[in-house]
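Peer 1: Provided below are the primary sequence and the corresponding predicted coordinates.
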Amino acid sequence: MKPNTLLNRVLRARYGDVLWNGIYRNNPSSTWKIIQNGADFLFPVLRWSISNGEYVDTFKDIWILDKTLDKWSTFVSIIENNYNKVSDFITNGSWDIDKLKFCFGKLLIDLILSIPIHSSQPEDKMECIKKISGKSVAAIIYEKKFNAISEDETYKWRKKLKLKPKIDMFWWRISKNSIPTFALLSYRRLINHEGCPRGCLDTENTDHIVRRCFFINKVFKLLEEWNFGTPEFDSVEDCYQVLSRLANINPFLGNLICSVIFYCYKSRNQLIHGGCDDSCYVIAYRAVIQSISSFKNGLIRENWNANQLFKLSKSSWLPPPLGWIKVNVDASIFLNNSTGIEGIFRDYKGRGLAAFGFHTIHWDIAQKELLAILSLRDLIKDWMLEAKGEMIILNAEDLKKNGLVGDRAMT
C-alpha cells in the first residue's frame, strides 16, 4: 500500500484506517466495494506480523497459528473489555506476561511468547499464512474458499444408512475433521501428548478412532463371531468407500459399522473423563440393537410406545408389562451342522439390556432349541431377578411342531 497517494488518503478519511475490519458504509463507492471484496477473499489466507499490535483485533484477527481466537477450541478468560487489541498485551516492545496471564492459560501464553515482535516495522503488516507452499496467492485463496463450501460427499450414504441423529452428527463431524482427538488437541497446543487413552502405541487421530485402535478391532472380531461379518478397511477414506458401497447393497451392515465406531468413541470419552470403558460385549449388543431399531416400521402405541423392531411383526414380538424383563431365544442350524444359539434380554420399552450367542456342532434343531432355553440358567444375572417378573418367549417353531412346547409362553 502507498499511504501518501490521493486515493489512499481519501479512502482512509471516509472508511477508516483498517481495511480488514469488514465495515460497510451506506452507499459505498465502487472502488471501496472492489477493495473490500478482495479483502474478504484475502483475509482467511493472511495473518498479522506484529509490530505494535494497534491494528490487530485480539479475537477476530489471525495472529496465532492459522485461526482467529474466536474460532479456536481454547481456554480464554476475558473479564473486562480492556484487551480487544493485541497492543494491550505489549509493553515497551515486548510481551507483558502479567496481562497475558490475566486472559490466557499457560499453553496459550507459551505459544504467544514464541511469536516475534518486529519493533523495526513502522506498523503491523499482513503476511501469507503459507509462505513456501509453492502456490500463488490466487491458488491459495481458491483452495481455501471452495474447500470450505464443497459438497458433503458423505451425505448420500449417511442418508441411505438411516443413522440415528446423534450417530449421523458424529459421522458428519468425522467428515469435517472436527472430532477432538488427542492429535488435534495437541496440534492446537491444548495438550502435550497424542497417544491413545486406551494404551495403544499409536497417535490418536481420526484414522485411529475409526479402525486402528485395538479396542475397535476386538469389537469387530466379536461381531464376526456373531456372524456379522464386516469388510476390512484401514483408514477413514477406506471406511467411506466401504460404507458407500454397503449403503446400496446392505444398509443394515453399514449402519452397524457406524454404530460400533460411535459407541467405541463414546466409551472412550467416558474413560478420559474419569469413568470406565465399556466392555466389547456391551458395545457390540448396543450397536446391534441400535442398528435394528434404525430400520423400524413403526410403533406399537398400545404397548407403552415400545419400538417395533426390524423385521418383527406385531404378532411375533410384543413388549412385556411395565417393570418386567423379556428374553427371546432362538437357534439355527447350517448345512454343515454348525449351529448358532442366540438370545436377547429387553425391557418393557424394547431396549436391549444384554445379549448372548455361541456356536456348537449338532444335527437336530429341536435339541438346539431346548439347549437355548437351558442355557438361560447360566446367563441370568442377579440384577435381573430384581425385576417384577421375568417372561421367556420362545421363538421355537420346531419345538411347537413336535409338541414339545405349547403355543403359550413359558413364564
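Peer 2: On my side now, so go ahead.
Peer 1: check contacts around the residue most central in space within the chain.
Peer 2: Nearest to the geometric centre of the chain sits residue 170, at 3.2 Å (C-alpha atoms, centre = their mean). Contacts for residue 170 were tallied using C-beta atoms under 8 Å, 6 or more residues apart in numbering; they are 179, 262, 265. Yep, even glycine has a C-beta here, placed from its N, CA and C like the rest.
Peer 1: For it, give me the pLDDT.
Peer 2: Here, the pLDDT recorded for residue 170 equals 91.
Peer 1: what's the helix or strand for it?
Peer 2: Element membership for residue 170, per DSSP states H and E: helix 165-175.
Peer 1: again, but for residue 10
Peer 2: With DSSP H and E as the test, residue 10 turns up in helix 6-15.
Peer 1: Can you name the element that comes right after that helix?
Peer 2: Using DSSP H and E, the first helix or strand after helix 6-15 is helix 30-42.
Peer 1: which parts of that following helix are buried?
Peer 2: Within helix 30-42, the residues that count as buried by 16 or more other C-beta atoms under 10 Å are 32, 36, 39, 42.
Peer 1: ok, the first one touching residue 11?
Peer 2: Yes - judged on C-beta atoms under 8 Å, residue 32 makes contact with residue 11 at a distance of 6.4 Å.
Peer 1: Need the overlap of contacts for these two.
Peer 2: In contact with both residue 32 and residue 11: no residue, using C-beta under 8 Å, 6+ apart.
Peer 1: quick one on the thing from earlier: looking at the contacts of residue 170, which is nearest residue 334?
Peer 2: Comparing these against residue 334 with C-beta to C-beta places residue 262 closest, at 31.3 Å.
Peer 1: Quick one: work out the angle between the helix or strand containing the closest one and helix 165-175.
Peer 2: Taking DSSP H and E as the criterion, residue 262 maps to helix 251-272. Angle, helix 251-272 to helix 165-175, by axes from the mean of the first three to the mean of the last three C-alpha atoms, to 10 degrees: 80 degrees.
Peer 1: Check which helices and strands helix 251-272 sits against.
Peer 2: helix 155-160, helix 165-175, helix 214-225, helix 236-249, helix 280-294 (3 or more C-beta pairs under 8 Å, 6 or more residues apart in numbering; DSSP states H and E).
Peer 1: closest to residue 289 among the contacts of residue 170?
Peer 2: residue 262 (13.0 Å).
Peer 1: so what pLDDT did the closest one get?
Peer 2: pLDDT, read off for residue 262, is 93.
Peer 1: how much space between the residue nearest to the centre of the chain and residue 191?
Peer 2: Residue 170 sits 21 Å away from residue 191, going by C-beta to C-beta, to the nearest Å.
Peer 1: ok, now residue 327?
Peer 2: 45 Å.
Peer 1: okay, those two: which has more neighbours?
Peer 2: Counted by other C-beta atoms under 10 Å, residue 327 and residue 191 do not tie: residue 327 has more neighbours, with 23 against 14.
Peer 1: Can you check what pLDDT the model gives the more buried one?
Peer 2: 82.
Peer 1: wouldn't it be in contact with residue 345 here?
Peer 2: Yes - the criterion here is C-beta under 8 Å, and residue 327 meets it with residue 345 at 4.8 Å.
Peer 1: helices or strands up against the helix holding residue 10?
Peer 2: Checking 3+ C-beta pairs under 8 Å, 6+ apart, helix 6-15 ends up next to helix 30-42.
Peer 1: Report the next helix or strand after the helix it packs on in sequence order.
Peer 2: Per DSSP H and E, the helix or strand that comes after helix 30-42 is strand 46-49.
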